[in-house]
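# coordinates only, sequence not included:
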């Protein structure tokens, strides 16, 4: 690698000695993208030239010299375009390609569109400018970049060599914007709540802890925006949502990343049944914006996000799997038999469901009516206080969302938080801490409200047929810190040239 880099450093040094700094350009007046040139001139006949001058920048992906002709394939965010450089008509451009250009360099080409005798739309170059020199070689164009570790750590290189990866991220953006538009069209306001919080809450998760020097107090990266969003409903907003970065100090695997994005929203005067309609409509709209249809292929199966989604009670799902005695004692006993270590009957029910039922939920499904003891922010059923008005959304065996009719009784909320505090004495940070300011907000009156949170990465992984969310996260969490030696450190003489 150092030998390959040294060759490029020598070319850069040669340019600098000639008074040419390949990093000096600050702009390039682009008139068209690669895709636009290919499309505009697709009907040219082989050998035909135009008089229309276009200016197209891009990264050199391949360079081929044939006597007095040079062919350079450049790529931009839309695709690739072939440049044709003739030595007789553009000697300076040809010299740049022959003497100074490397794969990976970024150039700006000016020329007229032609179609070669082989039928390929190209740009016949009259002027070629080096806009940025690549000091590191990109992988071989035939073998590409396949090493997973390198792909995730150097995502910029992954996108250069695998344009479909960049397309995935573009589709994730469309997915989010489709969801966002759905909510905005229904009167929701997009808001932003604190990421640094003095008290974390809104989910069962271990937080990341930090310290604010000026305020002289410990702070936490939020695990969810829930309690702040509901404060806004107290304050008079009818419907709010946030596309919220959240942080949970948990495992890293195919469905978990310590930093993730969820879209979370709350609407006054609806219950969890109304929220189901919102969630299935919102997700379906996002999927359609990304994929053009509500039907997608995931790991060989067709998934259809079109509403209405199936609804199933958690207790009914367990009965279907042979767990017929759902009393507290029986659930704890069954969990113990299976080696599931839990402290509450609700945990036992949820863990048994996760093991026996969840993998079978392929099509989008709402699993409704959760144990109240594991749902401290949700309303209980008046006629069955053991259960809460809560649901989770599942697809392809993954949980993608959580929602409930929000508990708005401040006294009951205090008692529920107090129960969580008792569990926290076991030194388990996942249980929710007491948030007295949130209770004070409820004491001013929270209207009947329904809320939801949907994880973007998991939905996107299904839509884009990615077996791991790392494939749709631009920069997934990785273990360890790479030891990297920069080119300036490898070749101090080059650093001195720029210092001078």
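Cool, the structure landed. What you are looking at is a predicted structure, and each value in this text was computed from that prediction instead of being measured. Numbers count the residues shown, from 1 in each chain.
# what's the pLDDT at residue 342?
With respect to pLDDT, residue 342 has a value of 91.
# quick one: secondary structure of it?
Secondary structure assignment for residue 342 (DSSP: H, G, I helix; E, B strand; the rest coil): coil.
# neighbours of it, just the number please.
By other C-beta atoms under 10 Å, the residues close to residue 342 number 17. C-beta coordinates here come from the backbone N, C-alpha and C atoms, glycine included.
# count the neighbours of the residue nearest to it when sequence neighbours are not counted for me.
Of all residues not flanking residue 342 in the chain, residue 348 sits nearest, at 4.8 Å (C-beta to C-beta, 6 or more residues apart in numbering). For residue 348, the count of nearby residues is 26 (other C-beta under 10 Å).
# check whether residue 348 really touches residue 330, as I assumed.
No - with contact defined as C-beta atoms under 8 Å, residue 348 does not reach residue 330; the gap is 9.0 Å.
# if you drop the residues flanking it in sequence, what lies closest to residue 298?
residue 462 (4.8 Å).
# list of residues touching the stretch of helix or strand that neighbour belongs to?
Here residue 462, judged by DSSP states H and E, is contained in helix 456-463. With contact meaning C-beta atoms under 8 Å, 6 or more residues apart in numbering, helix 456-463 is reached by 171-172, 175-176, 243, 255, 257, 260-263, 283, 286-287, 290-291, 296, 298, 303, 395-396, 398-400, 466-469, 471-473.
# how does it look with 6 Å?
The contact list for helix 456-463 (C-beta atoms under 6 Å, 6 or more residues apart in numbering) reads 172, 175, 260-261, 287, 290-291, 296, 298, 303, 395-396, 398, 400, 469, 472.
# same check, this time on stretch 354-372
Under C-beta under 6 Å, 6+ apart, the answer for stretch 354-372 is 276, 305, 309-314, 317, 321, 346, 349, 380, 386-388, 390-397.
# ok, and for it, which residues are buried?
By 16 or more other C-beta atoms under 10 Å, the buried positions in stretch 354-372 come out as 356-358, 361, 364-372.
# repeat that for stretch 396-415.
The neighbour-count check on stretch 396-415 (16+ other C-beta under 10 Å) flags 396, 398-408, 410, 413-414 as buried.
# can you tell me which of these are in strands?
Counted as lying in strands by DSSP state E, out of the buried residues of stretch 396-415, are 398, 399, 400, 401, 402, 403, 404, 405.
# the residue nearest to residue 298: neighbouring residues, count only.
23.
# and the gap between it and residue 174?
15 Å (C-beta to C-beta, to the nearest Å).
# same check on residue 121?
From residue 121 to residue 174 the distance is 28 Å (C-beta to C-beta).
# in the stretch 51-200 of the chain, where is pLDDT below threshold?
142 (pLDDT under 70).
# show me where the stretch 351-500 of the chain has helices.
Under the criterion DSSP state H, counting those that start in this stretch, the stretch 351-500 of the chain carries helices at the ranges 410-424, 436-443, 456-463, 487-490, 492-499.
# quick one, which of these is packed in tightest?
helix 456-463 (a mean of 25; mean count of other C-beta atoms under 10 Å).
# run a quick neighbour tally on the closest residue to residue 256 other than its chain neighbours.
Take residue 256 and drop its neighbours on the chain: the residue closest to it by C-beta to C-beta, 6+ apart is residue 250, 5.8 Å away. If you count neighbours by other C-beta under 10 Å, residue 250 ends up with 14.
# do you know the pLDDT at residue 424?
With respect to pLDDT, residue 424 has a value of 85.
# how does the chain divide into domains?
2-138, 160-321+357-471 (automatic domain parsing).
# now residue 398, nearest residue through space, not along the chain?
residue 458 (5.2 Å).
# same check, this time on residue 317
residue 357 (4.3 Å).
# same question, residue 429
Using C-beta to C-beta, 6+ apart, the closest residue to residue 429 is residue 206 (4.7 Å).
# so the one you found touches residue 249, yeah?
Yes - Residue 206 is within contact range of residue 249, at 4.3 Å (criterion: C-beta atoms under 6 Å).
# where is the longest strand in the chain?
Longest strand of the chain, by residue count under DSSP E: strand 49-66.
# show me what counts as buried in that one.
Neighbour-count burial for strand 49-66, counted by 16+ other C-beta under 10 Å, picks out 54, 55, 56, 57, 58, 59, 60, 61, 63.
# now do the helix or strand where residue 39 lies: distance to the chain's middle.
If you go by DSSP H and E, residue 39 is part of helix 34-40. Centroid separation for helix 34-40 versus its chain: 29 Å, with C-alpha atoms, centre = their mean, to the nearest Å.
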